[in-house]
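A.B. asks: What shape does this take:
(chains A and B)
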Amino acid sequence: MDEPTKSAPVIEPGYTLGTVTDKISSIVLTRPTSNGWFVGFGIAFLLTMLLLFAIGYLFVRGIGIWGVNVPIGWGFAIVNFVWWIGIGHAGTLISAILLLLRQSWRNSINRFAEAMTLFAVASAGIFPLIHVGRPWLAYWLFPYPNTMRVWPQFRSPLVWDVFAVSTYATISLLFWFIGLIPDLATLRDRSEQRWKKIIYGMLAMGWRGSARHWHRYETAYLLLAGLATPLVLSVHTVVSFDFAVGIVPGWHTTIFPPYFVAGAIYSGFAMVLMLAIPIRKFYALEDFITERHLQNSAKVMLATGLIVAYGYVVEAFMGWYGGNRYDAFLLWNRLHGPYAPLYYMLLICNIVIPQVLWIPKLRSSPVWLFLISGVVLVGMWLERFIIVVVSLHRDFLTSSWGMYYPTRWDWMTYIGTIGLFLSAMFLFVRLLPMISIFEMRTLLPEAEVKE
Amino acid sequence: MKRTGIYGIMAEFDSTTDLVTAANRTREAGYTRIDAYSPFPVEGLAEAIGFDRDEVPLVVLIGGLIGGLTGYAMQYWISAVSYPINVGGKPYHSWPAFIVVTFEMTILFAGIFAVLGMLALNGLPMPYHPVFNVPRFAFATKDRFFLILFSSDPKYNPAEVRRFLESLGPRSISEVPD
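C.D. replies: So this is what the prediction gives:
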């Protein structure tokens, strides 16, 4: 840890309850929408339309338009699903685990990290639904009484996944919304126009900041954090069970749950940085999202990145030392097979390049952090590609080996979900307070009760 | 309770310290029906106004128990009673495989109970409330702190209450119409 004298403050000095409130709420209420916002949102919206087009065509023609075929039945859809759901882990980690650990620096980044989680989970959720082949029957995944008199098979990790991801989406939404209630009340009381007052007022549900309400609110918030903490660790564990319970070489390993969770947090913090750095620049929020936040996020990235690296080492070691010829072949195939360049890129992106974060100067440089985060996101995407495709394309039966090449529809769907994610983020920063106002107030010296 | 047309009398303070002190002194003066409003959670304020029963943890516990039991019972009934199919020779009641969904259902129900329970106990959503009739109350969500003495208090007497609140050194005092 840094010396207290050296580390940057969580919030720059000189702010009062009033100025913190005005600075954050004015972004939503009075600041004119900039041309840059329109351009950015326009591009993201066009990409969302691309997603709708790709999915629309998929519904007409079926998943034959994708590159998936035996033996690679899980192509981009599962790669992207795991990638997005992993990114979604940072939000709850920041808001729940860091709350329990009393890391007050989280207060200025938890709100948009939670929003990011929601939109990432929404993007993730699209993939399994369209991947089932007959998406109009996707509700069969849930146990509901039906005239066919059949039920889901609860010994299958795929059914666990349905419960894990839908629970995660619901709890993340609740956590985000409960955090918004007092800030919505602030917006209700600060807005000048009547229609804004009505909309924010309805959403705030009559919050008036009574001491009784705050007490119950804090209890509920803390309990929700306590519930979300094991939940966030369980979600990527269950996602990893989708692989680990199968007997395919490269999937069937016990290192998967911790290594998946670490990878999820790794990519999640990379996405948080990629969003926070431009946001603090364009909205002049450097006083609230300080160097300290960037440094801490970079440290989390460095730590989780090393856990991921450990996972790679263990996988390779077990392939070499385990004595199972299929595992040994998998290792050989990763290093020398047709997808070997991707494996080397993965190692460079996820292990080699992020080591520059050991240098304090780079940890506090927004430009460098932005670039390294981008590299990590690419690396984590490659990791899922290696796990899904390389494991499947050469398994036990030599006669059924094959290759996987994504088609343009695969790419359009993937890029489209990035557009969906970004459009939602653009709308969020425009319509809702992107930093938790009431939690920022508690960081001020004024908030303390003096005896 | 007789309707007086007045919901209570409200005093406005500048700081958390003033508010907590004022709340403590009001309770010491024998008033019991009071409330305090602040733009963020203030430590010790709930105790100062005499709030000591927070049922949220109990509600969450009940939610978690309902969720967990429902989750497990559902899986048992589906896999062993209603639709028993042999999967890889595993027993119909293969409890280790049921733990994941049981866990998720526990969290799901406990979380929903936490949020809805907190809102219900707080009486929210409540679109209309008399305190919003005071124009200055809009600052309760920004940087001002308010203390209210309800007219339903057994010791309530408009003139006396006003005199008492003035003695606490507030920034302003307003009557809250019902």
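A.B. asks: With just CA atoms, put stretch A:371-386 into CSV.
C.D. replies: The C-alpha trace of stretch A:371-386 is given here as CSV (Å, rounded to 0.1, in the frame of the first residue of the first chain):
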residue,chain,number,x,y,z
LEU,A,371,-4.9,1.0,-23.3
ILE,A,372,-3.9,-1.8,-20.9
SER,A,373,-7.5,-2.4,-20.0
GLY,A,374,-8.3,-2.8,-23.7
VAL,A,375,-5.6,-5.3,-24.0
VAL,A,376,-6.9,-7.2,-21.0
LEU,A,377,-10.4,-7.3,-22.5
VAL,A,378,-9.1,-8.7,-25.7
GLY,A,379,-7.1,-11.2,-23.8
MET,A,380,-10.0,-12.4,-21.7
TRP,A,381,-12.1,-12.8,-24.8
LEU,A,382,-9.3,-14.9,-26.3
GLU,A,383,-9.2,-17.0,-23.2
ARG,A,384,-12.8,-18.0,-23.6
PHE,A,385,-12.3,-18.6,-27.3
ILE,A,386,-9.4,-21.0,-26.4
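A.B. asks: thinking residue B:20 is in contact with residue A:450, fair?
C.D. replies: No: if you go by CB atoms under 8 Å, residue B:20 and residue A:450 don't touch, sitting 9.2 Å apart. All C-beta atoms are positioned from the backbone trio N, CA, C, and that covers glycine.
A.B. asks: These two - which one has more neighbours?
C.D. replies: Between residue B:20 and residue A:450, counted using other CB atoms under 10 Å in any protein chain shown, residue B:20 has the larger neighbour count: 26 against 10.
A.B. asks: how many other residues sit next to the nearest residue to residue A:357 once chain neighbours are set aside?
C.D. replies: Closest residue in space to residue A:357, ignoring its immediate chain neighbours: residue A:302 at 4.5 Å, by CB to CB, 6 or more residues apart in numbering or on different chains. The local packing of residue A:302 (other CB under 10 Å) involves 18 other residues.
A.B. asks: And the helix or strand residue A:302 falls within, how far out from the chain middle?
C.D. replies: With secondary structure defined by DSSP states H and E, residue A:302 is part of helix A:291-321. Helix A:291-321 sits 17 Å away from the centroid of its parent chain (CA atoms, centre = their mean, to the nearest Å).
A.B. asks: repeat for stretch B:54-67
C.D. replies: That offset, for stretch B:54-67, works out to 14 Å (CA atoms, centre = their mean).
A.B. asks: Buried ones in it, by neighbour count?
C.D. replies: B:54, B:56, B:59-60, B:63-64, B:67 (16 or more other CB atoms under 10 Å in any protein chain shown).
A.B. asks: Just flag the most distant two among the residues you listed.
C.D. replies: The most widely separated members of those, counting by CB to CB, are B:54 and B:67 (21.1 Å).
A.B. asks: Could you see whether chain B lies near stretch A:244-264?
C.D. replies: No: legend: contact between stretch A:244-264 and chain B by CB under 8 Å from any CB of the partner chain is lacking; minimum distance shown is 9.5 Å.
A.B. asks: Would you mind measuring the gap between the ends of that stretch?
C.D. replies: Between the start and the finish of stretch A:244-264 there is a gap of 16 Å, counting by CA to CA, to the nearest Å.
A.B. asks: do stretch B:81-89 as well
C.D. replies: With CA to CA as the measure, the first residue of stretch B:81-89 is 17 Å from its last.
A.B. asks: what does stretch A:145-155 give?
C.D. replies: Distance between the boundary residues of stretch A:145-155 (CA to CA) amounts to 19 Å.
A.B. asks: same check, this time on stretch A:130-148
C.D. replies: Taking CA to CA, the span from the opening residue of stretch A:130-148 to its closing residue is 23 Å.
A.B. asks: Could you list the buried residues of that stretch?
C.D. replies: Taking 16+ other CB under 10 Å as the neighbour-count basis, stretch A:130-148 is seen to contain the buried residues A:130-131, A:135, A:141, A:143.
A.B. asks: got it, and stretch A:88-102?
C.D. replies: Neighbour counts over stretch A:88-102 (16+ other CB under 10 Å) mark A:88-99 as buried.
A.B. asks: out of those residues, what pair is the most spread apart?
C.D. replies: With distance counted by CB to CB, no two of the buried residues of stretch A:88-102 lie farther apart than A:88 and A:99, which are 17.5 Å apart.
A.B. asks: re earlier: same for chain B: which of the buried residues of stretch A:130-148 are within range?
C.D. replies: Of these, the ones that also sit near chain B (CB under 8 Å from any CB) are residue A:143.
A.B. asks: What is the nearest of the buried residues of stretch A:130-148 to residue A:381?
C.D. replies: For the buried residues of stretch A:130-148, the nearest to residue A:381 is residue A:131 (17.0 Å; CB to CB).
A.B. asks: excluding its backbone neighbours, what's nearest that closest one?
C.D. replies: Using CB to CB, 6+ apart and skipping the chain neighbours, the partner closest in space to residue A:131 is residue A:77 (3.9 Å).
A.B. asks: What separation is there between that neighbour and chain B?
C.D. replies: Counting by CB to the nearest CB, to the nearest Å, the gap from residue A:77 to chain B is 22 Å.
A.B. asks: Can you get me a residue count around that residue?
C.D. replies: A count of neighbours around residue A:77, defined by other CB under 10 Å, yields 23.
A.B. asks: can you pull the contacts of it?
C.D. replies: Contact partners of residue A:77, counting by CB atoms under 8 Å, 6 or more residues apart in numbering or on different chains, are A:66, A:68, A:127-128, A:130-131, A:413.
A.B. asks: so which of the residues you listed is the most crowded?
C.D. replies: The residue in the contacts of residue A:77 with the most neighbours, by other CB under 10 Å, is residue A:413 (26 neighbours).
A.B. asks: Test my guess that that residue contacts residue A:51.
C.D. replies: Yes: taking contact to mean CB under 8 Å, the distance of 6.3 Å between residue A:413 and residue A:51 places them in contact.
A.B. asks: got the buried residues of stretch A:88-102 as a markdown table, with distance to residue B:147 columns?
C.D. replies: Below are the buried residues of stretch A:88-102 laid out as a markdown table (distance: CB to CB, whole Å):
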| residue | distance to residue B:147 |
| --- | --- |
| A:88 | 42 |
| A:89 | 43 |
| A:90 | 40 |
| A:91 | 37 |
| A:92 | 37 |
| A:93 | 38 |
| A:94 | 35 |
| A:95 | 31 |
| A:96 | 33 |
| A:97 | 36 |
| A:98 | 33 |
| A:99 | 29 |
